[in-house]
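In: Give me the fold of what follows.
(2 chains)
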Amino acid sequence: MLDKELRSMIGDVKDGRMDRRGFIQRLAAVGLTAPLANQILALGGVAMAEGVSTYKPTKRGGGGALKLLWWQGPTLLNPHFATGTKDQDGARLFYEPLACWDPDGNMKLVLAAEIPSIQNGGLAADGKSVTWKLKPGVKWHDGTPFTADDVVFNWEYGKDPATSALTIGTLRDITVEKVDDLTVRIVFNKPTPFWADAFVGAPNTLIPKHLFKDYMGSKSREAPSNLSPVGTGPYKFVEFKPGDLVRGVINPDYHMANRPYFDSIEMKGGGDAVSAARAVIQTGEYDFGWNIQVEDDVLLRLEKGGKGKTVYAVGGDTEFIALNFTDPNTEVDGERSSMKTKHPLFSDPAVRKALSLLIDRESVKKAIYGRAGRTSANFLNGPEKFVSKNTSWEFSVEKASKILDDAGWKPGVDGIREKDGKKLKLVYQTSINGPRQKTQAIVKQACQKAGIDVELKSVVASVFFSSDVGNPDTYSKFYADMEMFQIPLSQPDPSQHMRRYLSNLVATKENKWQGTNFPRWVNKDYDATIQAADGEMDPVKRAALYIKANDLMYQDTVFIPVQHRLKVEAAATNLRPVISGWANETDNLFDWYREE
Amino acid sequence: MSQYVLRRLLIAIPSLLGISLVLFVVLALAPGDPFSELATNPNVPPEVQAALRARFGLDDPIYLRYLHWLNAMLHGDWGFSFVSRMNVDTLILQRLPTTLYVIGSAQILALLIAIPVGVYAATKPYSLFDQVANTLAFVGFSLPTFFTGILFILIFSVTLDWLPFVYTTDIKGTGVHWVLEMIRQAIMPVAVLGLFQAASMTRFVRSAMLDVIRLDYVTTARAKGIGQRRVIVKHVMRNAMIPVVTLIALQIPAVFGGAIVTEQIFRIPGIGSLLISSILSNDTPVVMAVTFVFACLVVLFNLIADVLYGWLDPRISLR
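Out: Coordinates of the predicted model:
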């Protein structure tokens, strides 16, 4: 859009001729949201807006106990070992990152003193380094000062393969240097437009050097502090029982004014989502319930006259159906779904197009996701600035039938369409999970009406998402025609998410099916677009590139988005939790309070 | 006698080895991956997941993994959990007290109900009391614990709001208050499990009593003019209890093993919930340890039951 005009507007804000709010309003008028406007200002040389805090209490403590219910409790408290969000959530009670994400995807400072920008010299104009200034006077819970050495140590600790840290993915390609005691510089090996990955957000919290330095590499498992964290966070560690309980008490020396509100905190694990919803919404035994993936009908019933309510947060999680571009039924060199084959049915674009018309997203929303879902035509559903407005979706059995008729797929005697002796019979797999099986049923029914026979297959989640090379039912082997799941967008940036589908990342036997491009979709345009976006420092152009990438996927019908899913949590009526769709539930815990 | 015990213990060794081998192979062949949650995390490249598998030895051949495990076990090293990276023995010991308290109380409750009711019903077979007890027993063991558990929650927690349905291990408060809270939160799970156990045990006690009560020596005792109470308690019960003792001894491993369903419903952090969450996350070392300990307990209590048998009934000699 109006590149020149935008640039002059950024200049106006910089020089003070236009105020920030005015700028954001102008952009809103052309369909861009506040977070985008802020990002544009940030990389246009104007400092990124800090997330706005809604915190009201005027003194520290006095809020009593906060009781959290995680139906899958944390099993470990070292953020570098966290295999799932539940572990990150638990570790985040005590450990802190440099910055975190607020509900709008804006950055909130935690251990950093200011948001790096080109203006304050924090951000290199070529995107190859970022310099963070640390908040002075921060102390670990044992009184040791927090310094740049701790940050550098976390990098050394995590990037060592012998440590077996999960953060290695983020840390191995960067270099972290200490500039002075309160300044660190992160150097990237290539221009990195999204520089806020390492040490930002709950997955990347910092552990103290003085307690972990003797336990690097292969000794990492022996560190006593793995089980009794000493962090910088608003709560001090008291007790931990894996899978069952994490307890903490207020940190009276916390580095943020008037925070935290609660005197103690308890995170209870175990059970299931429905009874967790019950314990929060209906009986009020707990203040907050995590990840309440329960049918909306049930939640609405519980909310009637209950003691709590549901809370939603919009992120970028998309439940999708991926189509296989290779043939899952022909074996070539001991490999099914091999790149040497073409899918016998999906190689006809008409079939893919017809399928996308047969996914009744509105019914899926109504019958399954309710308030926790939004219909969408896009694979990339956030942050807002990256969402394409060029796409649309529709559910129409008639149109799908017509497309198939026109393409020469005629119904056979059994009502199933066929062409050149090939019948429209598809295997549709997903992991075992209530909403997914219901979605499968809705899709199957619509396909039947259009003369497509769909066989449903469900695989246990721990197998479906396994990297076990010997198992044929993993999502990456994709021995089916279509498969459904979601890949969460864990940060407010699509780069890692979209890079997965580059042509050279196809999952094959050769790379032990570790390639991330599981639909096995090859598109030169897409590769070029993503590569351009990876090095593009201009936020407007970069957003346009990701929108283009999304549209390329849309045109080729690689993914059929089923639902844009929201985070669902349960909270006591008087609790004011701050939940971001871009962060873990406990990432903004320091801002939680209770309305008296 | 001691020779008998020694021989039995020696026989136990090969059977335990066999059990451990079967368990290990079944677990190793079961599909799944402790790191499957990483697959959909775009921040964690797939090769990290693969490297972790390799580091934890998941890609080694099964026989090697078994030998490693066995060797470590013989040295008292139970290994560590893939999921929490904690030592397995610490994990189990952390969970044990809760399980012993809840499941143990449930067993005691079951006995306290089953023995008096069973004995009394047997002394007056087909009386009104017997009929009612029988009917309730049938209802009791026909209703699965997951059903009664949820029913109890709906009645006592949601509707009446008397009892909490989330079990907490860290009750605030001390002294009497603490004890009362501990009892309060255990009422529902103990009742659910205890009543279920009591139902089948009542039937068992009743039939064991009926078998003995008709024997000639009981009639003789009555003919000698001994009162009904003494006949039942001293003469009938002692003999009728022999099979019951066996049954109870064989139940004791279950006290350590926990109750998977009930623990899950009430969020009791016991061995059962540890086992099920470990199975679901393919945490082989933990599953292996829990099941193997369970197997050892079963073998041990079988032996204890046999020894008790000989002590209760001197006619049985152990050789």
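In: Residue A:302 belongs to a helix?
Out: Yes: the assignment for residue A:302 by DSSP: H, G, I helix; E, B strand; the rest coil puts it in a helix.
In: Please report how far it lies from residue A:288.
Out: Note on residue A:302: its distance to residue A:288, by C-beta to C-beta, to the nearest Å, is 15 Å. The C-beta positions use only the backbone N, C-alpha and C, and glycine is treated the same way.
In: what do you get for residue A:276?
Out: Distance from residue A:276 to residue A:288, by C-beta to C-beta: 10 Å.
In: which neighbours do those two share?
Out: Common neighbours of residue A:276 and residue A:288 (criterion: C-beta atoms under 8 Å, 6 or more residues apart in numbering or on different chains): A:69, A:570.
In: wait, isn't residue A:148 in contact with residue A:179?
Out: Yes: using C-beta atoms under 8 Å, residue A:148 is in contact with residue A:179, at 7.0 Å.
In: Between the two, which is the more surrounded one?
Out: Comparing residue A:148 with residue A:179 by other C-beta atoms under 10 Å in any protein chain shown, the one with more neighbours is residue A:148, at 20 against 12.
In: residues contacting that one?
Out: Each residue near residue A:148 by C-beta under 8 Å, 6+ apart is listed here: A:134, A:178, A:179, A:180, A:181, A:182, A:183, A:184.
In: Now do the buried residues in the longest strand belonging to chain A.
Out: In chain A, assigned by DSSP state E, the strand with the most residues is strand A:308-323. Within strand A:308-323, the residues that qualify as buried by neighbour count (16 or more other C-beta atoms under 10 Å in any protein chain shown) are A:308-311, A:313-323.
In: From chain B, how far out is the nearest residue to residue A:140 once chain neighbours are set aside?
Out: In space, and not counting its chain neighbours, residue A:140 is closest to residue A:208: 4.9 Å by C-beta to C-beta, 6 or more residues apart in numbering or on different chains. Counting by C-beta to the nearest C-beta, to the nearest Å, the gap from residue A:208 to chain B is 18 Å.
In: Residue A:100 falls within a helix, correct?
Out: No: going by three-state DSSP, the assignment for residue A:100 is strand, not a helix.
In: and it, what are its bridge partners?
Out: When bridges are called by DSSP bridges, residue A:100 pairs up with residue A:108.
In: That one: how many residues sit nearby?
Out: Using other C-beta under 10 Å, residue A:100 has 30 neighbouring residues.
In: Please look at it and residue A:201 and confirm they touch.
Out: Yes: the pair residue A:100 and residue A:201 passes the contact test of C-beta under 8 Å, sitting 5.7 Å apart.
In: shared neighbours of the two, anything?
Out: Listed contacts common to residue A:100 and residue A:201 are A:583, A:587; contacts here mean C-beta under 8 Å, 6+ apart.
In: in stretch A:289-299, what's buried?
Out: Neighbour-count burial for stretch A:289-299, counted by 16+ other C-beta under 10 Å, picks out A:289, A:290, A:291, A:292, A:293, A:294, A:295, A:296, A:298, A:299.
In: Which helix or which strand is home to residue 11?
Out: Picking chain A for this. Assigned by DSSP states H and E, residue A:11 falls within helix A:3-15.
In: that answer is for a different chain, and I need it for chain B
Out: In the assignment (DSSP H and E), residue B:11 maps to helix B:2-29.
In: How about that helix and chain A, touching?
Out: No: contact of helix B:2-29 with chain A is not found when judged by C-beta under 8 Å from any C-beta of the partner chain; the minimum separation is 9.8 Å.
In: buried sites along that helix?
Out: Result for helix B:2-29 [16+ other C-beta under 10 Å]: buried residues B:8, B:12, B:19, B:20, B:23, B:24, B:27, B:28.
In: Unless I'm misreading it, the last one sits right up against residue B:63, doesn't it?
Out: No: under the criterion of C-beta under 8 Å, residue B:28 lies out of contact with residue B:63, with a separation of 9.6 Å.
In: does residue A:574 really touch residue A:595, like I thought?
Out: Yes: contact criterion C-beta under 8 Å: residue A:574 and residue A:595 qualify, at 4.8 Å.
In: Contact residues of the stretch 351-500 of chain A facing chain B?
Out: Residues of the stretch 351-500 of chain A lying close to chain B by C-beta under 8 Å from any C-beta are A:460-469, A:471, A:473, A:475-476, A:485-491, A:496-497, A:500.
In: Out of those, list just those in helices.
Out: Cross-referencing those against helices under DSSP state H gives A:461, A:462, A:463, A:464, A:496, A:497.
In: out of the residues you listed, which is most surrounded?
Out: Among those, the one with the most neighbours (other C-beta under 10 Å) is residue A:464, at 26 neighbours.
In: so which helix or strand takes in the residue of chain A most remote from its centre?
Out: The centre of chain A is farthest from one residue, residue A:413, which by C-alpha atoms, centre = their mean lies 46.4 Å away. Using DSSP H and E, no element contains residue A:413; it sits outside every helix and strand.
In: Quick check: it vs residue A:419, distance?
Out: Distance of residue A:413 to residue A:419, given as C-beta to C-beta: 15 Å.
In: Against residue A:502, how distant is the residue lying closest to residue B:106 once chain neighbours are set aside?
Out: Using C-beta to C-beta, 6+ apart and skipping the chain neighbours, the partner closest in space to residue B:106 is residue B:193 (3.7 Å). Distance from residue B:193 to residue A:502, counting by C-beta to C-beta: 55 Å.
In: quick one, which of these two is more surrounded?
Out: residue B:193 (26 against 19).
In: Counting neighbours, what do you get for whichever residue of the stretch 151-300 of chain B sits closest to chain A?
Out: Closest residue of the stretch 151-300 of chain B to chain A, C-beta to the nearest C-beta: residue B:269 (3.6 Å). Residue B:269 is flanked by 26 other residues according to other C-beta under 10 Å.
In: Would you check that it makes contact with residue B:97?
Out: No: assessed by C-beta under 8 Å, residue B:269 is found out of contact with residue B:97, at 9.8 Å.
In: between these two, what contacts are shared?
Out: Residues touching both residue B:269 and residue B:97 (C-beta under 8 Å, 6+ apart): none.
In: pLDDT-wise, which helix or strand of the chain ranks last?
Out: Using chain A here. Using mean pLDDT, DSSP states H and E, helix A:34-43 stands out as the lowest-scoring helix or strand of chain A, at a mean of 60.
In: hmm, I had chain B in mind actually
Out: In chain B, the helix or strand scored least confidently by mean pLDDT, DSSP H and E is helix B:46-55, which has a mean of 78.
In: Need the CA coordinates for the helix or strand just after it. CSV is fine.
Out: Counting by DSSP H and E, the next helix or strand C-terminal to helix B:46-55 is helix B:62-74. The C-alpha trace of helix B:62-74 is given here as CSV (Å, rounded to 0.1, in the frame of the first residue of the first chain):
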residue,chain,number,x,y,z
ILE,B,62,15.7,-53.3,22.2
TYR,B,63,18.0,-56.0,23.6
LEU,B,64,20.7,-53.4,24.3
ARG,B,65,18.3,-51.1,26.0
TYR,B,66,17.0,-54.0,28.1
LEU,B,67,20.5,-55.0,29.2
HIS,B,68,21.3,-51.4,30.1
TRP,B,69,18.2,-51.1,32.1
LEU,B,70,18.8,-54.5,33.9
ASN,B,71,22.4,-53.6,34.7
ALA,B,72,21.4,-50.2,36.1
MET,B,73,18.6,-51.7,38.1
LEU,B,74,20.9,-54.3,39.7
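In: and the biggest helix by length in chain A, does that touch chain B?
Out: Determined from DSSP H, the single longest helix within chain A is helix A:539-556. No: contact of helix A:539-556 with chain B is not found when judged by C-beta under 8 Å from any C-beta; the minimum separation is 14.0 Å.
In: That helix: which residues count as buried?
Out: Buried residues in helix A:539-556, counting neighbours by 16+ other C-beta under 10 Å, are found at A:539-540, A:542-554, A:556.
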